[in-house]
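Here's my sequence, what's the structure:
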Amino acid sequence: MSQRKKHRKYIINGIVVLIVIAISVYVSIYSLHLGRVEYTDNAQVKRLIVPVHCRVKGYVREICFDEYQPVSKGDTLAIIEDMEYRLEVAQAEANFQQVRADKSAVYTSLQTARNNISVSDASVEEVRVKMENAVTEYNRYHALFAKGAVTREQYEAIKTNRDVAQAHYDMLVHQKRSVVLVKDEHGHQVSQSEALLELSEAHLEMAKLNLSYTVIKAPCDGVTGRKNVQTGQFMQAGDILVDLVDKHDIWVTAYYKESQITRINDGQTVDVKVDACPGVVFKGKVKSISDATGASFSLIPQDNSTGNFVKVQQRIPVRIEFIEENNPVDMQRLRAGMNVECLVNY
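Modelled structure (predicted):
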């Protein structure tokens, strides 16, 4: 009986030893990473998450997507009620046409003023010739009157003709100056009209741009996230309509201990194991290493100035990008935020 108990005890002890050995082997395989590798399980899959903002305010008239739906760049996601913006475009268009008509009228007035100057030049020249003739005639009659060859009445008539010609000439010269001033004024009005035309055209383009913003489109290829808006909801400019997960850019951010980072360099190959893809080893390479620890990017960085210092080993973010050798079907299974294990080969 005692021999049987002993035998059973040996069997039980042997089974316990085998279990301990199996557990030790399992722990050694999955916890100890021997060889020239640096391991971490503090890593996640990353993708660009692009927020889609509403660029103009208004009520949502139509929503054209569902949650977690694949979309392409340029696809319509939502439509804002656009009646107000259509009226603004019509008003800006009418104002633009009015300013353009005013510019044409001012330009016509400028052309008329230039023509008037040409006419004034011809009139001044004609009167100047007549005035010079009158002055010559006056000088001749003045000499004859001094010799008594003509009567006073003849002399006074010639003098009057000279004075009239001089006055007429002076009047036309002043009129020409007035026409020149009018032409200069119209020239300034043309410049002002051109500036107003550019301003009204800019207002028209802005109104058309705001109208186009009432149709909210996808900025990139990707998959929609949670829907943060409902039909009839009022949106302010800058409100987020939905988040898009960009399907093109994908990488891994691994946080290695500062004691490990000395053996990690750009370009080293990396084996990536994803919890959601058992049995699949993805291949990647080290793209870049952060110049700051992960804690340095926190909203409240660690401050040791008080003297109560406890040394905590910091972690450095390392960007790991997948290479083209990976199976595209397996790559499509990756989602942003998935936990991964990374082994950097050095």
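
what separates the nearest residue to residue 277 once chain neighbours are set aside from residue 169, distance-wise?
Excluding its sequence neighbours, the residue lying closest to residue 277 (C-beta to C-beta, 6 or more residues apart in numbering) is residue 333, at 5.7 Å. In short, each C-beta sits where N, CA and C put it, glycine included. Distance, residue 333 to residue 169, using C-beta to C-beta, to the nearest Å: 99 Å.

and what of residue 51?
Taken as C-beta to C-beta, the span from residue 51 to residue 169 is 79 Å.

of those two, who's got more company?
Neighbour totals were compared for residue 51 and residue 169, and residue 169 leads with 20 against 13 (other C-beta atoms under 10 Å).

So for the helix or strand hosting the more buried one, mean pLDDT?
Assigned by DSSP states H and E, residue 169 belongs to helix 152-212. Helix 152-212 carries an average pLDDT of 84.

Next secondary structure after it?
Taking DSSP H and E, what comes next after helix 152-212 is strand 215-217.

Check what contacts that next one and list those residues.
Strand 215-217 is touched from outside by 52, 54, 55, 73, 74, 75, 76, 77, 78, 79, 80, 241, with contacts defined as C-beta atoms under 8 Å, 6 or more residues apart in numbering.

Would you mind listing where the protein has pLDDT under the threshold?
Along the chain, the model assigns pLDDT under 70 to residues 1-7, 9-10, 22, 24-35, 299-310.

Spatially nearest residue to the spatially most central residue of the chain, not counting backbone neighbours?
Centrality entry for the chain: nearest residue to the mean C-alpha point is residue 55, 11.6 Å, by C-alpha atoms, centre = their mean. Spatial nearest neighbour of residue 55, chain neighbours left out: residue 213 (4.1 Å); criterion: C-beta to C-beta, 6+ apart.

Okay, strands next: where are they in this structure?
37-53, 58-63, 70-71, 76-80, 215-217, 222-227, 234-235, 240-257, 269-274, 281-289, 315-322, 339-345 (DSSP state E).

The second one pairs with which strands, parallel or anti?
This points to strand 58-63. strand 76-80 (antiparallel), strand 234-235 (antiparallel) (DSSP bridges).

I appreciate the help and will end here.
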